Structures are given as structure tokens and as C-alpha cells.
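Q: dropping the sequence and predicted coords here.
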Number of protein chains: 2
Amino acid sequence: MKRVNIGIIGLGTVGCGVVKTLKAFPEINIVQIAVRNKNKKRNLDSLDESIITDNAYDVVNNPEIDIIVEVAGGVEPTFDLLKTALKSDKHIVTANKELLAKHGDELFQLANDRNLIILYEAAIAGGIPIIMPLKMTLCANKISRIEGILNGTTNYILTKMKENNESYDDVLKEAQELGYAETDPTNDVMGYDAAYKICTLAKIAFNSQIDINKIYTEGITKITDEDISFANELGYTIKLVAQASVNEKSEADIRVHPVLVSNDNVLAKISNATNAVKLCGTPVGEVCFIGPGAGEMPTASSVVGDILILASEIKNANNSKSLSLMMKTGNKNVTQVDISNTINEYYILIFAKNNKGVIGTIGKICGDNNISIQTVMQRGIENDNMAKIVVITSKSQELDVKNAICDLKNNESICEIKSLIRVLN
Amino acid sequence: MKRVNIGIIGLGTVGCGVVKTLKAFPEINIVQIAVRNKNKKRNLDSLDESIITDNAYDVVNNPEIDIIVEVAGGVEPTFDLLKTALKSDKHIVTANKELLAKHGDELFQLANDRNLIILYEAAIAGGIPIIMPLKMTLCANKISRIEGILNGTTNYILTKMKENNESYDDVLKEAQELGYAETDPTNDVMGYDAAYKICTLAKIAFNSQIDINKIYTEGITKITDEDISFANELGYTIKLVAQASVNEKSEADIRVHPVLVSNDNVLAKISNATNAVKLCGTPVGEVCFIGPGAGEMPTASSVVGDILILASEIKNANNSKSLSLMMKTGNKNVTQVDISNTINEYYILIFAKNNKGVIGTIGKICGDNNISIQTVMQRGIENDNMAKIVVITSKSQELDVKNAICDLKNNESICEIKSLIRVLN
């Protein structure tokens, strides 16, 4: 049996999962592993210490190695390490969504020029097979829309807020204690992680270059348990959904923000750290993939899957690679539309003076801004003469809604615009 | 651009969908199409009549053709046609689940011997990408369990029976009128179609030979709207689920029959003609794929996806094929266990004389046969002194349940055992 030699960069949670999983595959030979700190205690028995190095450049330059497995994360020095690896003719398996979103095009170009393959199943939706199905099985389709719950941490937080009627801050603290959220949760709760992932998904699905900086990104930090409870009364669950759609004019609407998801949509039922990706395409229609979006072993499943696929390519006697596995360099041009030009339904929570005419006032301001109202629900608050009014609008232009919010704020009957959350189309 | 030449066998619903979809891919050249009846009117504009033949052997022997696309169905003459195609060195794309279940091993062996590839994404779960994810992305996993709603017709019937409180016969008639069920629905409603599909899925997942004749198969023809309604009262939905699991002793339990699915299981929510496949594996955990299980365009999505994957392999300058795409010939041996040796929970609907002690009698007979009862629900019937008693057992050996049913039938307090349906574990 010809063995395939790999080098691993990073030995954190995912790296350890990869090493454990590879024990079942003796045809894969781990030649070297780069770590940041050689003295860190790791939950791995029988690891040969002599293959550990704290110089990652030794690994990417090692002439014995066929495949570099990058599970370190971050942009620097990882970007430079992977460029170096490609220049020394190594295939790459990576789980690095941030790097792919920010510098994927450059890496794929470099790989294509040298007849090398970069696989990255683990970078998007963890253990869920989504990249390979999209690139291969669904390749006859024109994908028009993607909707995904792509971040386990925020989905866990929103699920617990709903289940236990708890505040964002309380649930975040619990999630941090349980290891579901990091000490610095910014990347997850601000939506950045989901934005990296939808960026790469859209790139493949629309076969186009996508600018991560033009993806509208809004996190879940302002969502309250009150919003969740009002949404529930109206038949919705609040989720952080990453969306990408493209129309016939090649206008791509790509964004990450909290949305009210109708409870009869399968995405509303995706709970805790589970991820889900829905794809709409022609001719297939709608397909949905659900599974674990993160974690040591699910992520290792995707990383090792990619390693084995690459290994079987390398074992092929000659040097010609499967074209299906190569990244098509995005040759279509889409225009990324600004969120202010999109059309959505909106949930607005308004704190108003408990006057008889206040709903009329709200209705008039909305109407003056071209906004029709679908639902109004009033909840009086005892003792302080203030009402909480929930409005769900019909489909409206984002810009009109922003204007209406200004007008509402300036009206003397309105105390506060407490929340503004879009509804998933 | 080097074009890839294909020949199509069959121009029914799926065949027409394939021809329509291929219009977007000028690199694929349809050289010849075999039909049964040349004079049949087809819903295809601008089809070059000169490429149509009613002799399928002309197509599989045509030296210009690289790939044979078989969308005709049935076992004969299709089996012989595909063997002939392989012997004349053609790759194959097929949607034929029956042929794969009955003669797949022989076809794959022949293909492997000649360095040819057979792809069959459309044969299982229509438009859902499941074969390629299982063979490639999830290849690091040991799959222990598959649960699938793999037949759209029966799922449509069961959905409508529940939604409209209608009988099986009435809904079947409607489904036939709407084209969701065939004039002779045997293949679907008896569970055969789902059995073919789970046979091939299990073969790939367990990397083993599976005997279609040893798959316990039971259809939905005896399910009543009353069963559906009682199940619903208890928090379950009745579905036709194809299951395959394997334990550490390599005992494989593969079967198709109606089950009560707990309403918090995602499979309970899969409605109408939608299909779903749940996979449990190590290290990934649980992943679930949902989408259209049949129909002209969803099936064409999978067939054309396979054609494009194969085409990109063929365009590779040399003749060495991607090993990942080859069928691993099942080299493990599993023993297929008999349904009588399995352990399940059971829903039993008993019509009994409305005596005070009848529940005690049922409990005693169950207990004497090693069966514990989880739930008993009694519904008296006015005017005729008969009670309907629904029993849900705890986990029990199938053989014990069969014995208990005999004992119940012989008891004078029991009028009839109306239904016996397993509960999904």
C-alpha cells in the first residue's frame, strides 16, 4: 500500500479530532504537525512527540509531504503558510472560513495554476456535506438562493433564550461556561463567522467573485427575550440566517442578520448548535442539509473526508487531477446589492404612549412611507401608561422603513423604537 | 471544446427532463436516444428526430458514445443492455434502483474490471445529493444507521390521509388522478421501491453485499385513517420509513415498513412527495438530507449532475479515473438479521368487548409474553358494547409480540387485533 504523507498545521480541538480519526486510516501517514506551543497538554494518547514542531514553515516546506491540512485558523500567518505550501506543490485541506472569505480567490488561482487541489468541506457547516454536493452532484443547477443557519454558537444562544425565557447576556454566560461560546464571542455573535461562510458558499453557488466587505452583517446582540416571545406569539422563531440570492439581472443579495422565521419553515426547528443549509436551484427545486455545524469530531469528519478524497487522487498513477474537485474560478460577475435597496417584511417593536390614537399614528407614518402593515399587536403595560406595540409590515423597501423609523422617533406619541428585525422571505 | 458524446435509453418523464436540462450544457452531445415507441408524442420541442431509434442495442454498441444514460427502468432488457454497454467500454449513468438492488454487484464488478464508472445519484432519493456525499465527503465515517423516507408516493398518501382524515383508498385514487401514484401502484405502496433504495444505500454505507430478498418489506395498504388519528393523539405521525443499521457484530438490520414517528423527529415533518435521509456515523454524528424525491426536473438534476461529473473525468487527458468515483466493491460481510429477531416498540389497536377487566386481560397476556406496556388508551364505542384500545409497548422482541398477538386473538374478550405498527426507535 502506497501511503500518502500529510502535514498538519494546528493541534487544537479540530486538529486533535483529525489525528484521532486518522487512526482508522493507516494509508494516511502524518509526517509532521506544527503547533504554536509545544508544551501545551493535549488530549491525545500515543502521539509521537518527535513529529511535533513549532515552526510551521518546516511543515509547508517539507518535501516528503503531499497534503497540508490547515486547522489553525486566522489569516496570518496562515495565508502566507498556505501560499508557501502551494508553491512547494502541496495539495491543501483547510477548515479556515475566514481565510477563504478574505483570500480564497488568490489561493484558488495559485492552486489552479499549479494543478493542485484545495478542499475545504469543514470550513462551512462543519460536519454537513455541502461543498462537494454543491460542486459536484448539483453542478447541473443554477442556484438562485441559499439560506443557512451557519453559526452554532448564535443558534445555541437563540434556542436557549427561547426555551428558558432568558436574556442574551445570561445565556451567553452559560454558553461560555459550557464551551459553546468563546471567551471573546465577537466573531460569532456579531455574525462575522456566518458571513465568512455564506461568502464562500455564494462564490461556489453563483460561480462568481464575492466581496466579503459588501456582505451586510448584523449580529444577535440586540435581540431580547421579549422579541423572541412576541415573535413566538405571532408564529415565528428568531434565527441568525445567512442568505444569498441572485436574480436574472445578476444582482446578488448576500447578507447575515437575525430574522423572524415562520414556524412552518424547517429552519425554525433547527435548534442548539445544529446547522442547516437550504438551497434553491433549477432544475432540482429545494434541498436542505442538516447536521452538526462545529465540534471536534463532526469537523474532523469533513477534514478527514477531504484528506481521503485527495489521497485517492494522488494514488492515481499519473499527475492528472479530477477536474470536478478543482475550484472553478468565478467567471461570472454579479453585482452585490446594498441592503438599503432590498425588500423585506419587518418586525418593529414600538414603545408608545398609551393614547387611543397611537395605532392610527403609527399606521399613518407607515403609510406615508409606502409601508403597509400586515399585523399589529398591542400589549398594554400597567402603571406607567405605556403600550408595547408589535408591527409586522408587508414587503417594504429597506430605505422606506428606515425613513419611517425616523418619523416615528420624531413623533411625540412614540417613546422608543425598541427593535427592528427583518422577517425571512 | 472537446464534446462528450452520450446515448440515452428511455425518453419518458425523466428522459425528457434530462434532454431539457442538457440544453444548458453544449459540451454534452446527445448522439442517440433509444425509445420503446418512436411514434409517441413527447413534450419536447426542437428534438432532432434522426437521433431517435427503437433499437437500444444500437445505442449501447455505438462506438462514438462515451456515456450511456439509462432512464428506462425495469430489469430486462435493461440489465443486458447495461452489461453490453460496459463491455463496449462505456461509462454509465442510471436512475434504475430496481436494477441496482437486484444486479448492482455484477454491474459494478464489470465496471471496476474495465476501469469504468457507474454513477446513480438519481436512483436514490431523486434530486437529493446522497450517494456522492456518502461515498466521498462522509468516507471517513463508520455509518451505523440510515433512516429514510425514500418513496414520495406513499409519503404523499400518508400526508393526505392525515391532513384530510381520508381513507387509504380515497387518497390513493386522488393521488392517481394527480399523477402522484401510478395506475398500478404496487411497487410504491407495497414498499418495494423503498426497499430497492435502502438496499443500495446500505451497500455503500456498510461497504458490504446486501441481499434484497432478505430485506423485510411491508407496505402501507393496511394503514387506516383511524391509526393515523390515534397515533396523532399520542404525538406520532405514521410514515413509511426505510431503515438500515449495523451493530458491532456486523449484524445488519435492514427493513421497510410503516412506523410511528415521534412528532419531534424531523422525519415526522417531511410531507407530501418530499424525501429525507438521515445518516448516523462516527465521527460525524447525525446528518439529514431533505429534498424532492422524484419528478421530472429534480431527477434530471441528479442525472445531469452525474453526466457532468463523468464528462469532466473523461476530458482528463489520460484514461485514469478518479478512484473516489469508483464503486468500492463491498468487501465486508454483514449478516442480515430476520425481522423476528429485532426489538421494537409497537402500536397495537385492539377491538375488545367493553368489559371492566379487559385492560387487565391485555396487560396480563402482554406480561406473560415478556412485553411491558408504555401507554394504554381506551376509546369506548357507543351502542355496541365494544372498546377500541390502543397499546404502545415498551421495547419488545418481535417474536414475543407475534406470540402475544396470537394469545390475544384466542382470548374471548378480544374481538379483533385491528392494527400492529412498529414505532421508530
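A: Alright, I've got the coordinates. Numbering: from 1, shown residues only, chains lettered A, B, ... in the order given.
Q: where is the longest helix in chain A?
A: In chain A, ranked by residue count with DSSP state H as the criterion, the top helix is helix A:296-315.
Q: can you confirm whether that helix lies near chain B?
A: Yes - judged by C-beta under 8 Å from any C-beta of the partner chain, helix A:296-315 and chain B are in contact via A:297-298, A:300-302, A:304-309, A:312-313, A:315. (C-beta placed from N, C-alpha, C; glycine too.)
Q: which helices and strands does that helix pack with?
A: Packed against helix A:296-315 by the contact rule (3 or more C-beta pairs under 8 Å, 6 or more residues apart in numbering or on different chains; DSSP states H and E) you find strand A:4-9, helix A:13-22, strand A:28-34, strand A:67-70, strand A:91-94, strand A:118-119, strand B:285-292.
Q: next secondary structure after it?
A: Counting by DSSP states H and E, the next helix or strand C-terminal to helix A:296-315 is strand A:335-336.
Q: other residues contacting that next one?
A: Outside strand A:335-336, the residues within contact range by C-beta atoms under 8 Å, 6 or more residues apart in numbering or on different chains are A:210-211, A:214-215, A:250-254.
Q: chain center to the longest helix of chain A: distance?
A: Relative to the centre of its chain, helix A:296-315 is centred 21 Å away, using C-alpha atoms, centre = their mean, to the nearest Å.
Q: in that helix, what counts as buried?
A: Going by neighbour count (16 or more other C-beta atoms under 10 Å in any protein chain shown), the buried part of helix A:296-315 is A:296-314.
Q: that one vs helix A:13-22, what angle?
A: With axes from the mean of the first three to the mean of the last three C-alpha atoms, to 10 degrees defining the directions, helix A:296-315 sits at 60 degrees from helix A:13-22.
Q: can I get helix A:296-315 in CSV, CA atoms only?
A: Only the C-alpha atoms of helix A:296-315 are listed here, as CSV (Å, rounded to 0.1, in the frame of the first residue of the first chain):
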residue,chain,number,x,y,z
GLU,A,296,-14.1,18.3,17.4
MET,A,297,-15.5,15.1,15.7
PRO,A,298,-18.0,16.4,13.2
THR,A,299,-15.4,18.8,11.9
ALA,A,300,-12.8,16.0,11.8
SER,A,301,-15.3,14.0,9.7
SER,A,302,-15.2,16.6,6.9
VAL,A,303,-11.4,17.3,7.2
VAL,A,304,-10.6,13.6,7.0
GLY,A,305,-13.1,13.1,4.2
ASP,A,306,-11.3,15.7,2.2
ILE,A,307,-7.9,14.1,3.1
LEU,A,308,-9.1,10.7,1.8
ILE,A,309,-10.6,12.1,-1.4
LEU,A,310,-7.3,13.9,-2.1
ALA,A,311,-5.3,10.8,-1.2
SER,A,312,-7.3,8.7,-3.7
GLU,A,313,-6.5,11.3,-6.4
ILE,A,314,-2.8,11.3,-5.5
LYS,A,315,-2.7,7.5,-5.6
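Q: strands along the stretch 101-250 of chain A, start to end?
A: Ranges of strands in the stretch 101-250 of chain A, per DSSP state E, counting those that start in this stretch, are A:118-119, A:142-149, A:216-217, A:236-246.
Q: now the ones you listed in JSON lines, with distance to B:D368, mean neighbour count and mean pLDDT?
A: As requested, the strands of the stretch 101-250 of chain A are arranged in JSON lines below (distance: least, C-beta to C-beta, whole Å; neighbours: other C-beta atoms under 10 Å in any protein chain shown; pLDDT from 0 to 100):
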{"stretch": "strand A:118-119", "distance to B:D368": "59", "mean neighbour count": "26", "mean pLDDT": "96"}
{"stretch": "strand A:142-149", "distance to B:D368": "50", "mean neighbour count": "22", "mean pLDDT": "98"}
{"stretch": "strand A:216-217", "distance to B:D368": "65", "mean neighbour count": "20", "mean pLDDT": "98"}
{"stretch": "strand A:236-246", "distance to B:D368": "48", "mean neighbour count": "25", "mean pLDDT": "98"}
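Q: so which of the ones you listed is nearest chain B?
A: Nearest of the strands of the stretch 101-250 of chain A to chain B, taken as C-beta to the nearest C-beta: strand A:142-149 at 7.8 Å.
Q: quick one: contacts of the closest one?
A: For strand A:142-149, contacts defined as C-beta under 8 Å, 6+ apart pick out A:125, A:134, A:155, A:194, A:197-198, A:201-202, A:205-206, A:239-247, A:267, A:270, A:274-282, A:293, A:424, B:24.
Q: what angle sits between it and strand A:285-292?
A: Using the same axes, to 10 degrees: strand A:142-149 against strand A:285-292 is 30 degrees.
Q: ok and strand A:142-149 relative to strand A:236-246, angle-wise?
A: 150 degrees.
Q: each with direction, which strands does strand A:142-149 pair with?
A: When pairing is defined by DSSP bridges, strand A:142-149 lines up against strand A:236-246 (antiparallel), strand A:274-282 (antiparallel).
Q: for chain B, see how far away A:K97 is.
A: As judged by C-beta to the nearest C-beta, to the nearest Å, A:K97 and chain B stand 17 Å apart.
Q: quick one, domains of chain A?
A: Using automatic domain parsing, the domain ranges for chain A come out as A:4-125+A:295-325, A:131-292, A:343-423.
Q: tell me how far the worst-scoring helix or strand of chain A on mean pLDDT lies from the chain's centre.
A: Scoring the helices and strands of chain A by mean pLDDT, DSSP states H and E places strand A:373-381 at the bottom, with a mean of 89. Offset of strand A:373-381 from its chain centre (C-alpha atoms, centre = their mean): 33 Å.
Q: tell me the helices and strands packed up against that strand.
A: helix A:225-233, helix A:358-368, strand A:386-393.
Q: make it 10 Å
A: Using 3 or more C-beta pairs under 10 Å, 6 or more residues apart in numbering or on different chains; DSSP states H and E as the contact test, the elements touching strand A:373-381 are helix A:225-233, strand A:343-353, helix A:358-368, strand A:386-393.
Q: so which of these gets nearest B:D66?
A: strand A:343-353 (46.6 Å; C-beta to C-beta).
Q: related to what we said a few turns ago, export the strands of the stretch 101-250 of chain A to JSON lines and tack on distance to B:N112?
A: Shown next, in JSON lines, are these (distance: least, C-beta to C-beta, whole Å):
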{"stretch": "strand A:118-119", "distance to B:N112": "25"}
{"stretch": "strand A:142-149", "distance to B:N112": "33"}
{"stretch": "strand A:216-217", "distance to B:N112": "48"}
{"stretch": "strand A:236-246", "distance to B:N112": "40"}
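Q: and A:K356, which of the ones you listed is closest to it?
A: strand A:236-246 (28.4 Å).
Q: moving C-terminal of the closest one, what's the next helix or strand?
A: Note on strand A:236-246: by DSSP H and E, the next helix or strand toward the C-terminus is strand A:251-262.
Q: how near is the spatially closest residue to A:I198 that is not a sequence neighbour to A:I290?
A: Using C-beta to C-beta, 6 or more residues apart in numbering or on different chains and skipping the chain neighbours, the partner closest in space to A:I198 is A:A242 (3.7 Å). Distance, A:A242 to A:I290, by C-beta to C-beta, to the nearest Å: 15 Å.
Q: one step back: pLDDT check: weakest of the residues of helix A:296-315 next to chain B?
A: On pLDDT alone, A:K315 ranks lowest of the residues of helix A:296-315 next to chain B, at 72.
Q: give me phi/psi at the residue sitting furthest away from the middle of chain A?
A: Using C-alpha atoms, centre = their mean, the residue of chain A lying farthest from its centre is A:K356. It sits 44.5 Å away. With angles defined as degrees, to the nearest 10, A:K356 sits at phi -60, psi -40.
Q: pLDDT at A:K38, what is it?
A: The model reports A:K38 with a pLDDT of 89.
Q: next up, the contacts around it.
A: A:11, A:49, A:52-54 (C-beta atoms under 10 Å, 6 or more residues apart in numbering or on different chains).
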